[in-house]
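[1] just coords:
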């Protein structure tokens, strides 16, 4: 067993402050639950300016704009992406509409932040990223977890080699949903994989690299979407991730990254703000970083801060979550879907 000395304290996060990045003008495409929380987080915690909201109907755009004190409410994608007072578009439509919204924004010369998953599969992700590169605009998947201060602590622990040789990732994400929630609707690319499973596979491929082999088992709901999935991914040098997602039951949503010298634990929900615990392999010593941010979606603004930082620096993608990493994750999910017989309209 490898023995490395744990530090007395874990490293402090290096994320930029919200007021240190350019204040961009945002257009929000979509008026649902995640769009509402994203806008509230931006308005409460950043200097970013939400200038307009776009929806498929004028009525829903008007209602959203009134709720969030947004100046302009626009009743179509075209109107939003062509607005001259919008620098960057946040695509927060249902999954099956991400591709269309992202490509429309890119074609209009707008930078784009697309809710996860950026597309229904790796091919859509690659198409969106390629279009953005060709247009010379910034594009990023809004996998908010990776931009949290909590995850920069994890990033530094991994970079410093404090865990030794990392061989194992364990993670689950389970929530319970009742009809008529969109996650149960096959016409809206529902199911556990793209909503919940993408968190666990992103963590695994982020920590261990691309999956070289995928094995999956699962079940479907009466409505015809994936209800739960158990996944075993093999990565380089035979590292293994054991992952689970379900929309049938609430689970601990905890995660573990384990190495030969120490084990890093993320108490649930692992994908939100929270503590980081590193314990020596023999269990004799433990050190904890305590997150000052409360658990919840009030931290969604960190992905917008990262987008503004990158755009200000003239980058076309984030080094923390580049297009290649997104595609690695979606290729793993594509294989899981194939094995489980899951298709998206």
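    All right, it came through fine. The structure displayed is predicted, hence computed values, not measured ones.

[2] end-to-end on stretch 264-273?
    15 Å (C-alpha to C-alpha, to the nearest Å).

[3] Could you do stretch 126-146 as well?
    End-to-end distance for stretch 126-146: 20 Å, by C-alpha to C-alpha.

[4] now swap in stretch 173-192 and tell me
    End-to-end span of stretch 173-192 (C-alpha to C-alpha): 9 Å.

[5] Can you pull the domain assignment for this protein?
    Segmentation of the chain into domains, based on automatic domain parsing, reads 18-145, 147-294+317-340.

[6] Save those as TSV, and put in mean neighbour count and mean pLDDT too.
    C-beta coordinates here come from the backbone N, C-alpha and C atoms, glycine included. Shown next, in TSV, are these (neighbours: other C-beta atoms under 10 Å; pLDDT from 0 to 100):
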stretch	mean neighbour count	mean pLDDT
domain 18-145	21	98
domain 147-294+317-340	19	97
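
[7] would you list every one of the helices in this structure?
    Using DSSP state H, the helices assigned to the chain run over residues 33-45, 58-68, 77-81, 98-107, 122-135, 149-159, 192, 198-208, 301-312, 323-340.

[8] So which of these is nearest residue 293?
    helix 149-159 (6.9 Å; C-beta to C-beta).

[9] Need the residues that contact that closest one.
    Contact partners of helix 149-159, identified using C-beta atoms under 8 Å, 6 or more residues apart in numbering, comprise 10-15, 145, 163, 166, 207, 257, 264, 266, 273-276, 278, 289, 291, 293, 302.

[10] Residue 51 is in contact with residue 70, isn't it?
    Yes - counting by C-beta atoms under 8 Å, residue 51 touches residue 70, with 7.3 Å between them.

[11] any idea of the pLDDT on residue 345?
    Listed pLDDT for residue 345 reads 78.

[12] Residue 303 too?
    pLDDT, residue 303: 98.

[13] which ones are touching it?
    With contacts taken as C-beta under 8 Å, 6+ apart, residue 303 has the following neighbours: 113, 140, 142-144, 147.

[14] again with residue 270
    145, 171, 173, 199, 203, 253-255.

[15] Recalculate using a threshold of 10 Å.
    145, 150-151, 154, 171-173, 199-200, 203, 252-256, 276 (C-beta atoms under 10 Å, 6 or more residues apart in numbering).

[16] Excluding covalently adjacent residues, which one is nearest to it?
    Excluding the flanking residues, the one nearest residue 270 by C-beta to C-beta, 6 or more residues apart in numbering is residue 255, at 3.7 Å.

[17] residue contacts, that neighbour?
    Residues near residue 255 by C-beta under 10 Å, 6+ apart: 154, 169-173, 199-200, 203-204, 207, 241, 243, 264-271.

[18] Distance of the closest residue to residue 232 other than its chain neighbours relative to residue 240?
    Leaving out its chain neighbours, the residue that sits closest to residue 232 by C-beta to C-beta, 6+ apart is residue 215, at 4.6 Å. Residue 215 sits 10 Å away from residue 240, going by C-beta to C-beta, to the nearest Å.
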